[in-house]
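Trainee: everything below, folded, please.
(one chain, ligands or ions: 2)
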Amino acid sequence: MEKVQTGLVIEFYSNSCLVRTKDADISCIAIKDVVVGDIVKIEIIQDSKKIKGLILSREPRFSILEKKEVLKSKVVAANVTHVGILVTPEPKTSTDFIDKWVLTANLSNITPFIINNKIDLVQNEEYLTKLEIYKNLKIDFIDISAKSNQNLGQVSDYLKGKCVVFVGNSGAGKSTLTTSLTGKDIKTNVLYNNQGVHTTSISTLYEIDNDTKIIDSPGVRDLYITGWDDKDIIKGFSEIYAFSRYCKFNDCNHINNDGCHVTEKLINGEINQSRYNNFIKFRDREEDE
Ligand code: GDP
Ligand code: ZN
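Mentor: Ligands and ions are numbered 1, 2, ... in the order given. I've put the predicted structure just below:
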């Protein structure tokens, strides 16, 4: 076995992590600034019983998902390319939730897409109208039933070559979907640490067919949108941002300023009311999530 190897961080525990190299999955001591999804260089240390690894360095990242708070922020996953937002009639997914994730993804160099799960349940008019908002934004969209295995092939085809995080309210079907795609029961993922005490992983990366990665991390699910600069929020609402460039004043508040192109497009229906409301709510910190 080569002494220095490159690998992918696939599991993270409180003070250790698992790095997958071409040879093996090697347990390493966790170090600062390394998270699941990172590519790292490790040095193999072989003591009498066990092979272990020492993380030497980490490669530059394509993207990061960050838990941002006003004073501090913490990276929770690296190199994610796609966020799959699970939307369901039951539990009801709010547009706040969807817009928060579309925004977070857009501002993090990650592509958001929507998974309409539980298509076996009744989808009423109100629900379908909600979905229409996002279809109009040209966000990729897949209808599935994770429980009855409908269209899961479309999800796996879509995810080829990508690294995805599924997000959704509790009960939306993230575990069911991840279990179906990976064939692993993700709720029973435990590890015994060196004292023999089992610890649940903080985050796990599953690989399917070598070219699809799914990151499951409870820490990712409750990311906040506080912490983004007020001025950046509009960039996460791409269609509103595009119109805002034609506002008469550079510092337009997009509420009641003279010559505002955004409110004009809101009135004529080219900007959706619910998208607009969430933009203002997030920007002006009226949100409570
Ligand atoms: P999580 O909290 O997002 O991980 O959600 P789970 O995967 O634990 O699913 C919550 C509940 O929704 C479970 O009872 C699942 O069986 C159910 N569920 C998941 N997918 C579907 C679906 O496509 N249709 C229906 N009717 N129920 C589903
Ligand atoms: Zn404006």
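Trainee: hang on, residue 123 packs against residue 89?
Mentor: Yes. Residue 123 is within contact range of residue 89, at 5.5 Å (criterion: Cβ atoms under 8 Å). Any C-beta I mention is one placed from the backbone N, CA and C, and that applies to glycine too.
Trainee: the protein against ligand 2: which residues are in contact?
Mentor: Residues of the chain that fall close to ligand 2, judged by Cβ under 5 Å from the ion: 247, 252, 254, 260, 262.
Trainee: residue numbers of the protein in contact with ligand 1?
Mentor: Counting by Cβ under 6 Å from any ligand atom, the chain comes close to ligand 1 at 117-118, 120-121, 145-147, 168, 170-176.
Trainee: of these, which is the most crowded?
Mentor: Comparing the residues of the chain next to ligand 1 by number of neighbours (other Cβ atoms under 10 Å), residue 117 comes first, having 29 neighbours.
Trainee: who's in contact with that one?
Mentor: Contact analysis of residue 117 by Cβ atoms under 8 Å, 6 or more residues apart in numbering lists 86-88, 144-146, 168, 172-173, 177.
Trainee: again, only using 7 Å
Mentor: Contact analysis of residue 117 by Cβ atoms under 7 Å, 6 or more residues apart in numbering lists 86-88, 144-146, 172-173, 177.
Trainee: quick one: those residues as CSV, columns for pLDDT too.
Mentor: Putting the contacts of residue 117 into CSV (pLDDT from 0 to 100) gives the following:
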residue, pLDDT
86, 97
87, 98
88, 97
144, 98
145, 98
146, 97
172, 95
173, 95
177, 96
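Trainee: three-state assignment of residue 91?
Mentor: Look at residue 91: counting by DSSP: H, G, I helix; E, B strand; the rest coil, its state is coil.
Trainee: ramachandran angles for it?
Mentor: phi -60, psi 150 (degrees, to the nearest 10).
Trainee: what ranges does the stretch 151-289 of the chain have for its helices?
Mentor: 152-158, 174-182, 218-221, 230-233, 238-244, 261-267, 273-283 (DSSP state H, counting those that start in this stretch).
Trainee: so how far is residue 205 from the nearest residue to residue 149 once chain neighbours are set aside?
Mentor: Nearest non-adjacent residue to residue 149, counting by Cβ to Cβ, 6 or more residues apart in numbering: residue 180, 6.4 Å away. From residue 180 across to residue 205, the span is 17 Å (Cβ to Cβ, to the nearest Å).
Trainee: ok, the two, which is more surrounded?
Mentor: For residue 180 versus residue 205, neighbours defined as other Cβ under 10 Å are more numerous around residue 205 (27 against 16).
Trainee: was I right about that one contacting residue 7?
Mentor: No. Residue 205 is beyond contact range of residue 7, at 11.4 Å (criterion: Cβ atoms under 7 Å).
Trainee: what residues of stretch 214-229 count as buried?
Mentor: 214-217, 219-221, 223-225, 228 (16 or more other Cβ atoms under 10 Å).
Trainee: tell me which of these fall in strands.
Mentor: 214-216 (DSSP state E).
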